[in-house]
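Student: okay, here's the prediction I keep looking at, along with the sequence it came from:
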Amino acid sequence: MTNQLAFVFNAHLPFVRHIEYPRFLEEDWLFEAMNESYLPLLRMMNRLMNEGIKFQLTFSLSPTLCAMLTDKMLQERFVGYLELHIELGEKEQERLRQEDNENALRTLEIYRRNLEQNLEDFENLYKRNILEGFKQLSELGYLELITTAATHCYLPAYQSNPVAVNAQIETGVMSHAYNFAAQPNGFWLPECGYYPGLEGLLKKSGINWMHLAAQAVVLANPFVKRANYAPIQCENGVYGFARDYYLTSLVWSSTNGYPCDSDYREFYRDIGYDLDLDYIRPYIHEPDVRVFTGFKYHAITGKTDQKKVYDPSKASAKVRLHAKNFLFNVRHKGVALSDILDVDPLYTLSFDCELFGHWWFEGVEWLENVIRECSIANDMALITPSNYLEQGIDAEIMEPSFSSWGEGGFSSFWIDNSTNAWIYRHTFEAVRNMEELACRFPDQSSLKQRFLNQAARETLLLMASDWPFMIHNHTSRSFAEATLSSHIKNLNLVYNNMCKNAVNTEWLVKAEKRNNVFRYIDYNIFNPEHLK
């Protein structure tokens, strides 16, 4: 028996780009992910490839993330971000030497080496466009690249409006074609949000398989004989790969997953908050807004200010142990399933990409160890969903259940009466207004076409799942609310002007420069006739 592992990583960030400021606080989300997750993951995968180690992984790169990664202004700002942190690393080396802090100096050396290598890779290897790194690994057969909804919209919230859902899906597919010159075979459902019938719109856009939460299959009709250890097939031919909750939780759980181990680095203890303001001021945001710098010297120690010192050698030893433990658990499940399944088990292991390196500092190293262990094991195989389907195994035909991977398995995280449900009365009205514009003014050209295209961009950005997530979680809530308000205001401006058969040219030029996402968009996707 062979245990087949399909690692599926979701790389997504909301579209944040503010040309009116030399530095913008929320743009750091992108730079942190690039510095701590995306570039280290690419370097790890290239190292394995150069050593002749075979592997197959799947990455979903969201359209908003791709837009930011290919934006020249943000690329330039990322170089500045790296250079500023390299300078901070030099300053830290002097400080720690004066304090004779050998333990912290060992950790600092890792940070400095990573920063310098990231700058080298970004500038010289990828010519500032790291999408090329993913594309190269895909062309060589190591990665399957898939897409997701245009702005990572929680699609079940809009199931009553198939035009809006289709606009999200179709724009996601167009983004993939634009960035990778290929048709995506798979689709990451944002937040694993599925509702019955969604597969019809995926099929329309040429999608062959989708990623599902575990309960989408467990609660499916009829009963699933293979549970989530093999894909299911919808009646229209679209396949569903359901996440393995138990194995994923070994890594994902915030209470007892591997990243909680006391030998690993503490994420929240950072010199940006610890050190004297006069010392750290050049490396935080004006006016004296303390932020994470990435320089952290403590290990996880529980809810206390008295944190123990981080030891990289202990962390590496624990990484190797946890990689072996993970595969032990895979084998244990395989043995239990061997007398039940009529096929070799497939474990779909899905994670947010930013967990590896950013939230879990040792995560990239853990993944590398898992890949290395699989490469020498006779009973383990890394595989992508598309390659699995090429094996020709007959799938059970059924309709998945309404589901998500949020708390409780349904929609409460993104539609909560006590925190964020109010958003949708505004977003639904915005979508209706956009549909009205597309119906009343079809197939426009020149300035009106650009005006309406910008309205379509604002509508898609308004629908992002990130805003209800932040509001529900009480993280960056004011930023989320301000962003929602801005997109609504922009769409209303276009709507009111078009009702007067006018174009606000001055606003349009500024808006196209500010929210320059989806250059390929055609506003006619919001016309219900487009679905026919």
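Tutor: Everything's here; your move.
Student: the closest residue to residue 296 other than its chain neighbours: how many residues sit nearby?
Tutor: Leaving aside its sequence neighbours, residue 296 sits nearest to residue 270 (CB to CB, 6 or more residues apart in numbering; 5.1 Å). Any C-beta I mention is one placed from the backbone N, CA and C, and that applies to glycine too. Counted with other CB atoms under 10 Å, residues neighbouring residue 270 total 19.
Student: so residue 270 touches residue 292, yeah?
Tutor: Yes. With contact defined as CB atoms under 8 Å, residue 270 counts as touching residue 292 (4.7 Å).
Student: now for the helix or strand encompassing residue 328, which elements pack on it?
Tutor: Assigned by DSSP states H and E, residue 328 belongs to helix 312-337. Under the contact criterion of 3 or more CB pairs under 8 Å, 6 or more residues apart in numbering; DSSP states H and E, helix 312-337 touches strand 3-11, helix 102-120, helix 245-252, helix 363-376.
Student: show me what counts as buried in stretch 321-334.
Tutor: Buried residues in stretch 321-334, counted by 16 or more other CB atoms under 10 Å: 322-323, 326-327, 330, 333-334.
Student: and if you look at stretch 268-285?
Tutor: Of all the residues in stretch 268-285, those buried under the rule 16+ other CB under 10 Å are 269-272, 275, 280, 283-284.
Student: same check, this time on stretch 87-101
Tutor: Neighbour counts over stretch 87-101 (16+ other CB under 10 Å) mark 88-89, 92, 96, 101 as buried.
Student: now do stretch 231-243
Tutor: Buried, per 16+ other CB under 10 Å, within stretch 231-243: 231-234, 238-243.
Student: so how many other residues sit close to residue 305?
Tutor: Counted with other CB under 10 Å, residue 305 comes out at 7.
Student: any idea which element it lies in?
Tutor: Using DSSP H and E, residue 305 falls outside every helix and strand.
Student: with residue 490 instead?
Tutor: Secondary structure (DSSP H and E) places residue 490 in helix 477-499.
Student: ok, residue 210 next?
Tutor: strand 209-212.
Student: now what about that strand, what contacts it?
Tutor: Here strand 209-212 makes contact (CB atoms under 8 Å, 6 or more residues apart in numbering) with 8, 60, 185-189, 192, 194, 198-199, 202, 231, 238-243, 348, 350, 385-386, 389, 400, 403.
Student: show me those that map onto strands.
Tutor: Among the contacts of strand 209-212, the members falling in strands (DSSP state E) are 8, 60, 186-188, 239-242, 348, 350.
Student: quickly name whichever of those residues is closest to residue 119.
Tutor: residue 60 (26.6 Å; CB to CB).
Student: quick one: the closest one and residue 126, what's the gap?
Tutor: Distance, residue 60 to residue 126, by CB to CB, to the nearest Å: 20 Å.
Student: those two - which one has more neighbours?
Tutor: residue 60 (27 against 18).
Student: the more buried one pairs with what?
Tutor: On the basis of DSSP bridges, residue 60 is bridged to residue 10, residue 146.
Student: correct me, but it touches residue 9?
Tutor: Yes. Applying CB under 8 Å, one finds residue 60 in contact with residue 9, separated by 7.0 Å.
Student: if we can go back for a sec, can I get the helices and strands packed on helix 312-337 in JSON lines including mean neighbour count?
Tutor: As requested, the helices and strands packed on helix 312-337 are exported to JSON lines (neighbours: other CB atoms under 10 Å):
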{"stretch": "strand 3-11", "mean neighbour count": "23"}
{"stretch": "helix 102-120", "mean neighbour count": "17"}
{"stretch": "helix 245-252", "mean neighbour count": "16"}
{"stretch": "helix 363-376", "mean neighbour count": "20"}
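Student: now mean pLDDT too, for those, in JSON lines please.
Tutor: As requested, those are exported to JSON lines (pLDDT from 0 to 100):
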{"stretch": "strand 3-11", "mean pLDDT": "98"}
{"stretch": "helix 102-120", "mean pLDDT": "97"}
{"stretch": "helix 245-252", "mean pLDDT": "96"}
{"stretch": "helix 363-376", "mean pLDDT": "98"}
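Student: quick one: distance of the one helix or strand in the chain whose mean pLDDT sits lowest to the chain centre.
Tutor: Least confident helix or strand, the chain: helix 214-218 with a mean of 93, by mean pLDDT, DSSP states H and E. Helix 214-218 sits 22 Å away from the centroid of its parent chain (CA atoms, centre = their mean, to the nearest Å).
Student: how far is the strand holding residue 210 from where the chain is centred?
Tutor: Mean-position distance between strand 209-212 and its chain equals 15 Å (CA atoms, centre = their mean).
Student: go on, stretch 67-84?
Tutor: With CA atoms, centre = their mean, you get 18 Å for stretch 67-84.
Student: alpha carbons of that stretch, as PDB, please.
Tutor: The C-alpha trace of stretch 67-84 is given here as PDB (Å, rounded to 0.1, in the frame of the first residue of the first chain):
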ATOM      1  CA  ALA A  67      -1.200  41.600  -8.800                       C
ATOM      2  CA  MET A  68       0.900  42.800  -5.800                       C
ATOM      3  CA  LEU A  69       3.800  40.500  -6.500                       C
ATOM      4  CA  THR A  70       4.000  41.900 -10.100                       C
ATOM      5  CA  ASP A  71       3.500  45.500  -9.200                       C
ATOM      6  CA  LYS A  72       6.700  47.600  -9.800                       C
ATOM      7  CA  MET A  73       6.000  50.100  -7.000                       C
ATOM      8  CA  LEU A  74       5.500  47.300  -4.500                       C
ATOM      9  CA  GLN A  75       8.500  45.500  -5.800                       C
ATOM     10  CA  GLU A  76      10.600  48.600  -5.300                       C
ATOM     11  CA  ARG A  77       9.200  49.100  -1.800                       C
ATOM     12  CA  PHE A  78      10.000  45.400  -0.900                       C
ATOM     13  CA  VAL A  79      13.700  46.100  -1.800                       C
ATOM     14  CA  GLY A  80      13.600  49.100   0.600                       C
ATOM     15  CA  TYR A  81      12.000  46.900   3.200                       C
ATOM     16  CA  LEU A  82      14.800  44.300   2.900                       C
ATOM     17  CA  GLU A  83      17.500  46.900   2.900                       C
ATOM     18  CA  LEU A  84      16.000  48.600   6.000                       C
END
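Student: list the buried residues for that stretch?
Tutor: So, applying 16+ other CB under 10 Å, buried residues of stretch 67-84: 67-71, 74-75, 77-78, 81-82, 84.
Student: helix, strand or coil: sort out the spatially closest residue to residue 359 that is not a sequence neighbour for me.
Tutor: Spatial nearest neighbour of residue 359, excluding adjacent residues (CB to CB, 6+ apart): residue 267 at 6.1 Å. What DSSP: H, G, I helix; E, B strand; the rest coil gives for residue 267 is coil.
Student: roughly how far apart are residue 501 and residue 441?
Tutor: 9 Å.
Student: sorry, that was for residue 207
Tutor: From residue 207 across to residue 441, the span is 30 Å (CB to CB).
Student: more neighbours: these two, which one.
Tutor: Each of residue 207 and residue 441 has its neighbours counted (other CB under 10 Å); residue 207 has more, 22 against 17.
Student: please name the bridge partners of the nearest residue to that one once chain neighbours are set aside.
Tutor: Nearest non-adjacent residue to residue 207, counting by CB to CB, 6+ apart: residue 187, 4.5 Å away. Beta bridges link residue 187 to residue 147, residue 210, judged by DSSP bridges.
Student: residue 187: neighbour count?
Tutor: For residue 187, the neighbour count with other CB under 10 Å is 27.
Student: that one against residue 201, yeah?
Tutor: No. Using CB under 8 Å, residue 187 makes no contact with residue 201, being 9.9 Å away.
Student: between these two, what contacts are shared?
Tutor: residue 169.
Student: follow-up on the earlier one: save the ones in strands among the contacts of strand 209-212 as JSON lines, and put in distance to residue 166 too.
Tutor: Putting the ones in strands among the contacts of strand 209-212 into JSON lines (distance: CB to CB, whole Å) gives the following:
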{"residue": "8", "distance to residue 166": "23"}
{"residue": "60", "distance to residue 166": "19"}
{"residue": "186", "distance to residue 166": "18"}
{"residue": "187", "distance to residue 166": "13"}
{"residue": "188", "distance to residue 166": "17"}
{"residue": "239", "distance to residue 166": "20"}
{"residue": "240", "distance to residue 166": "19"}
{"residue": "241", "distance to residue 166": "22"}
{"residue": "242", "distance to residue 166": "24"}
{"residue": "348", "distance to residue 166": "26"}
{"residue": "350", "distance to residue 166": "24"}
